[in-house]
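> from the sequence below, what's the structure:
(chains A and B)
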Amino acid sequence: MARIQIDGQFYSVPEGNNVLSTCLSLGLDLPYFCWHPAMGSAGACRQCAIIQYKDEEDTRGRLVMACMTPVTDNLRISLNAEQARQFRRDNIELLMTNHPHDCPVCEEGGECHLQDMTHMTGHNLRRYRGRKRTHNNQNLGPFINHEMNRCIACYRCTRFYNEYAGCDDLQVFGIHNNVYFGRFEDGALESEFSGNLVEVCPTGVFTDKTFSAHFTRKWDLQTAPSICVHCSLGCNISPGERYGELRRIVNRYNGDVNGYFLCDRGRFGYDFVNSSKRIQHPRIKQRNACIQTAKEHFHQLLTRAKRTIGIGSPRATLEANFALRSLVGETNFFSGIEDTEYQLLQTVSQIIRDGGIHSPSMREVEQADALLILGEDVTHSAPRLALSLRQAARNVSIELAASALHVPSWQNAAVREIEKQALTPVFIASIGRTRLDDIALDTYHGSPDYLANFGFAIAHYLDSSAPEANALDADENKLAHTIAAALKQAKRPLIVSGTSCSSLAVIQAAYNIAKALPSPNRQLTFSLPECNSLGLALMAGNDLQQAFTAIEQGQADTVVILENDLYRRAEKQKVDAFLETAEQLVVIDSLKNPTTEKADLLLPAASFAESEGTLVNNEGRAQRYFPVYPAPDSICASWQWLLGTMENSSWQHHDDLTTACAQAFPDLTAITQVAPGADYRVKGSKIPRQPHRYSGRTALHANIDVSEPGQPTDSETPFAYSMEGNMAQVPPALLPVVWSPGWDSNQAINKFQEETGGHLREGDAGIRLFEVSGTLAWFNGIPKPYISEPGVWEVMALPHIFGSEELSLQSPAIAQRLATVCALMNPLDAEQAGIDNGDCVIISDLSGASLLTTVIQIDTNLSSAGLLCITAGHPKFQALKMGMQVTLRKFNSDSEVGS
Amino acid sequence: MKQTAEKSTSEDLTALEIQEINAIINHYEDHTSVAIEALNIVQKHRRWISDSTLKAVADFLQISLAHLESVATFDNLIYRQPVGNTVIHYCNSVTCWMLGSEQIREHLCQRLHVEPGETSADGQYTILPIVCLGACHRAPAALVGDELKIDLNTDAIDEILKR
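Residues are numbered from 1 along each chain as shown, chains lettered A, B, ... in the order given. The predicted structure is shown next:
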């Protein structure tokens, strides 16, 4: 610790950090632009000037940049010295000479860091009357607006985009007073993390284009703390609502999970909530009904039923799944996941629970100093995790800079300078190329069986008691030894795997490798398919096939399906047969889909934005989301539909369900502590969802009714649909939005952290359900390598960030960025089959029935023979399931006439 | 991480250009660092860098087009638009400005009937500003073609333009 003096006050602070970060951590206000807690210092904007004194006697001092000055013992500085204040005022005046001062029409207005800093420095009067340079803006695709005239050239955008996110199509052009941040030419930004520019940019150069389509000022948005539902990572989000419409998503800081950043699927995937596919009313036999009738009808169906089975969902909350399970009974509850995935998830949950290896948070992932990714293209299967892995890839150079050169990690440019001299051992074994290949020292490509075998080999080289794999060829063997050696040497090695390959062997191989690692700080993480995949796996239940059998054999006649489109889970004929054989079919869901079309009783479910619940992410962290706004009168939360039909239930509220669920499953005991219950009050009042400056409450619905309607009440959560209430000292799990006096932008978060970039005060939201315990025996199911039959291909349905996830697919902005519809094939296979790049082929199943027509793209990174890679979950490829065996024939337009 | 550019060829670069770039490519740690030198080599042959030339160089070095453009537009001596036979860069940094660079600019522009950034009608000269040429002790200075001219005044300009 260092003792330092700031404006005559003594503080004891950690040594080695920079002065700007330290001052902010102490709660002091010092303006800045280019510094970012996640990206370090650049010293570019000159805004954080302070006076540093040589010693106690020094009365003049000298001007230094706080972000570039390290904290040392006996440091004496002044933030308030007039020269420093004058400098900061003048600096911002200069930065603003080209700024258009268009705040009233700028979408950043009201949450603009540039506005905040301008006020903070006291530059209140515009003196500059000269010409301002102007720029042409670019069309950067469906996510981001571009308004270059507002730029103050802090370089944060390119530092985030190029350095932090590793993408190079956004650059800075030009020199001195005429720089331009943009692309070489118009076109969608290529990074999967482009949306973060909206929050990284301190002003309105990059703004959210989807938000523009229904813009509302920050102070007019109603918000509640929420969790992203578009993948298994559980990033924390702040959705904003106005007029009953979800308007946007911004990052909600969680020091353990997503930190400052989200992926583009998470940020722009929300519009499905406003989609025309929303089910607005209960429907009985395809006709609209009112809520009461639907409830009664639901009850009648259940009473009439001989035996009812319930199908749960990995995208529904613990509470909703638990309510269904309680309604139909434990033995009649099926998890709604097809058997392979069910088996994968059971194994992953077993490993996390009893494997004896730490399942890391994303913050911990960023600390790893050696990485092996086995079977995942993480950018597509768990996007935000890829951003963390990219940061981990810097650790060896950061350590070298600190130890050999005494350069601290926040000296960003200096540390990046030596990046190429000290590479972190990152290895990727995957089916084809991945978006992280640029950080890999080496890559290995093969079919899932090969990947698993390769993994088993590495485990065996690390620990000879691990089972031996099938023989590798010389090159593979050498690589496996190299990887084993690098992982063995590492202090904090990390193995990343997941369910993308649908291969149990891959997951087991990943566990064997992690188990074989000598380091006590070894970590193992899995990317899972959906937002509550792990939660559902912990509730057990039976797999989908057993549900099919129960109906087929007439053991049950009634089915209740919770938020699950079965056509995405299993082959069409099977699902058709299942849904048609069931005598009574009840479906609860929010969007129309092929399964809801078949329902005898369709119950409209509230989306994540209109309901509450607990999800368990891939790490084993339980987190709760809360309704941002009430669902329309004709829509209920899934759990409410289910609870409403239970007779004499002592469960009245959501909290009752959470408690009962915690009691029913020992693994879930801690979920009651995820967030305070509905009776929680801050100084006697509920927590307001609306900011104090929320406008027009009395006029919002004046076009319908001139009398002011009462605010909706909320008996389920500690929040009120109101501006009244207390926002101070709200625990992190209940913090709807960050706002602090003088800090209107999201960067106000530094007022809520223990230290800048650190954990939130009182601890980050969410409860880890598992800590390291037990150990499992070596897995020894080493697969025989898949040998392809000539003329037969195995379908590899691989995740894609835009196109694989069911809900975000219904958001127009995401739909515009959908993966190209094509199937990838290895060049040798293509040559043998006489197929050229871009050829159109007909894909048929082994019985010869044609399934679909698609374009073939030849991919040199696919080394394994006999694989046909497609985008998982893409509507176009609905007929193809993972692992299916298919045949191909070239599409010949003449011969197809009439067919 | 893998150095593969040596193997690739680009139809848009001439054999000589490729040969010259290949001669220096190994002087650098990675291909992004070769960018300036490669642009200089190609510009030597073509006088300026068109969009298609820029693409050819980016393809050859296997670096992103946007990154190469950022280098090209940062460097004062890489021309992204056609220029005259001789480019006159008058220095407009502080010392030259104090000692009369504005008169130099005015005189140049008046003689050639152009504004800074433009090329004279006969295609002989292009006038551009430049940052400090390191000749502050003999200011004002200018770079004429690749020759440094110092102690400039209107007479000296007339003398230069006479040639």
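> which parts of the longest helix belonging to chain B are buried?
The residue-count maximum for a helix in chain B (DSSP state H) belongs to helix B:31-46. For helix B:31-46, burial by neighbour count (16 or more other CB atoms under 10 Å in any protein chain shown) applies to B:31-36, B:38-43. C-beta coordinates here come from the backbone N, C-alpha and C atoms, glycine included.
> cool, and stretch B:78-90?
Neighbour-count burial for stretch B:78-90 flags B:78-80, B:83-84, B:86-90 (criterion: 16+ other CB under 10 Å).
> end to end on it, go ahead and measure it.
Using CA to CA, to the nearest Å, one end of stretch B:78-90 lies 16 Å from the other.
> can you tell if it touches chain A?
No: figure legend: stretch B:78-90 not in contact with chain A (CB under 8 Å from any CB of the partner chain); closest approach 9.6 Å.
> roughly how far does the residue nearest the centre of chain B sit from chain A?
Centroid check for chain B by CA atoms, centre = their mean gives B:Leu77 as the closest residue, at 2.0 Å. In this view, B:Leu77 and chain A are 11 Å apart by CB to the nearest CB, to the nearest Å.
> so that residue is in which element?
Assigned by DSSP states H and E, B:Leu77 belongs to no helix or strand.
> who's in contact with it?
By CB atoms under 8 Å, 6 or more residues apart in numbering or on different chains, the contact set of B:Leu77 is B:40, B:89.
> tell me which parts of chain B are close to chain A?
Residues of chain B lying near chain A (CB under 8 Å from any CB): B:1, B:29-30, B:63-67, B:69-70, B:73-74, B:76, B:131.
> what are the ranges of the helices in chain B?
Going by DSSP H, chain B shows helices at B:15-25, B:31-46, B:51-61, B:65-74, B:94-98, B:101-112, B:154-162.
> need the winner for burial among those.
Most buried of these, by mean neighbour count (mean count of other CB atoms under 10 Å in any protein chain shown): helix B:65-74, with a mean of 21.
> by contact count, what packs against it?
The helices and strands touching helix B:65-74, judged by 3 or more CB pairs under 8 Å, 6 or more residues apart in numbering or on different chains; DSSP states H and E, are strand A:171-175, helix B:31-46, helix B:51-61.
> pLDDT averaged over the second one, what's the number?
Right, the one you point to is helix B:31-46. The average pLDDT for helix B:31-46 rounds to 95.
> ok, now stretch A:440-448?
Regarding stretch A:440-448, the rounded mean pLDDT is 95.
> next one: stretch A:250-270
Here the average pLDDT along stretch A:250-270 is 98.
> format the helices and strands packed on helix B:65-74 as a markdown table; extra columns: distance to A:Ala457.
Converted to a markdown table, the helices and strands packed on helix B:65-74 look like this (distance: least, CB to CB, whole Å):
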| stretch | distance to A:Ala457 |
| --- | --- |
| strand A:171-175 | 42 |
| helix B:31-46 | 34 |
| helix B:51-61 | 37 |
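> figure out which of those is closest to A:Glu476.
Nearest to A:Glu476, of all those, is helix B:31-46, at 28.7 Å by CB to CB.
> just the C-alphas of the closest one, formatted as PDB.
Presented in PDB, the C-alpha positions along helix B:31-46 are these (Å, rounded to 0.1, in the frame of the first residue of the first chain):
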ATOM      1  CA  HIS B  31       3.400  -7.900 -42.400                       C
ATOM      2  CA  THR B  32       1.600  -5.000 -40.900                       C
ATOM      3  CA  SER B  33       5.100  -3.400 -40.300                       C
ATOM      4  CA  VAL B  34       5.900  -3.800 -44.000                       C
ATOM      5  CA  ALA B  35       2.900  -1.600 -45.000                       C
ATOM      6  CA  ILE B  36       4.700   1.700 -45.300                       C
ATOM      7  CA  GLU B  37       7.700   0.400 -47.200                       C
ATOM      8  CA  ALA B  38       5.500  -1.600 -49.600                       C
ATOM      9  CA  LEU B  39       3.300   1.400 -50.300                       C
ATOM     10  CA  ASN B  40       6.500   3.500 -51.000                       C
ATOM     11  CA  ILE B  41       7.800   0.900 -53.400                       C
ATOM     12  CA  VAL B  42       4.500   0.700 -55.300                       C
ATOM     13  CA  GLN B  43       4.100   4.500 -55.300                       C
ATOM     14  CA  LYS B  44       7.600   4.900 -56.700                       C
ATOM     15  CA  HIS B  45       6.300   3.000 -59.800                       C
ATOM     16  CA  ARG B  46       2.800   4.500 -60.000                       C
END
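> helices or strands up against that helix?
helix B:15-25, helix B:51-61, helix B:65-74.
> for those helices, which one sits closest to A:Glu563?
Going by CB to CB, the one of those nearest A:Glu563 is helix B:65-74, 42.0 Å.
> per-domain residue ranges of chain B.
B:15-74, B:86-162 (automatic domain parsing).
> pairing partners for the lengthiest strand in chain A, with directions?
The longest strand of chain A (DSSP state E) is strand A:850-858. Neighbouring strands of strand A:850-858 in its sheet, by DSSP bridges, are strand A:823-825 (parallel), strand A:840-845 (antiparallel).
> could you list the low-pLDDT ranges of the chain?
Chain wasn't specified; assuming chain A. For chain A, the stretches with pLDDT under 70 are A:648, A:893-899.
> try again with chain B
Looking at chain B by pLDDT under 70, you get B:1-11, B:163.
> enumerate the residues of chain A near chain B.
Selection of chain A residues close to chain B by CB under 8 Å from any CB yields A:168-176, A:183-184, A:420, A:423, A:438, A:440-441.
> now the two most distant members of those residues.
Applying CB to CB across the residues of chain A next to chain B, the maximum distance is between A:His176 and A:Leu441, 38.8 Å.
> the more surrounded of these two?
Per other CB atoms under 10 Å in any protein chain shown, whichever of A:His176 and A:Leu441 has more neighbours is A:Leu441, with 18 against 10.
> how does chain A divide up, domain by domain?
If you go by automatic domain parsing, chain A breaks into A:2-94, A:103-274, A:359-521, A:793-890.
> what sits against A:Leu536?
A:312-314, A:321, A:335-337, A:345.
> pipe those residues into TSV and attach secondary structure and neighbour count per row.
Shown next, in TSV, are these (DSSP: H, G, I helix; E, B strand; the rest coil; neighbours: other CB atoms under 10 Å in any protein chain shown):
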residue	secondary structure	neighbour count
A:Gly312	coil	29
A:Ser313	coil	26
A:Pro314	coil	26
A:Asn321	helix	30
A:Ser335	coil	28
A:Gly336	coil	28
A:Ile337	coil	29
A:Leu345	helix	25
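> nearest to chain B among those residues?
A:Leu345 (34.8 Å; CB to the nearest CB).
> which strand or helix spans the closest residue to that closest one other than its chain neighbours?
Using CB to CB, 6 or more residues apart in numbering or on different chains and skipping the chain neighbours, the partner closest in space to A:Leu345 is A:Ala537 (3.9 Å). A:Ala537 is part of helix A:533-538, with elements assigned from DSSP H and E.
> CA atoms only: put that helix into CSV for me.
Output in CSV follows, covering the C-alpha atoms of helix A:533-538 (Å, rounded to 0.1, in the frame of the first residue of the first chain):
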residue,chain,number,x,y,z
SER,A,533,-29.5,-25.6,-20.0
LEU,A,534,-27.5,-26.3,-16.8
GLY,A,535,-30.4,-25.4,-14.5
LEU,A,536,-32.7,-27.8,-16.3
ALA,A,537,-30.0,-30.5,-16.2
LEU,A,538,-29.8,-30.1,-12.5
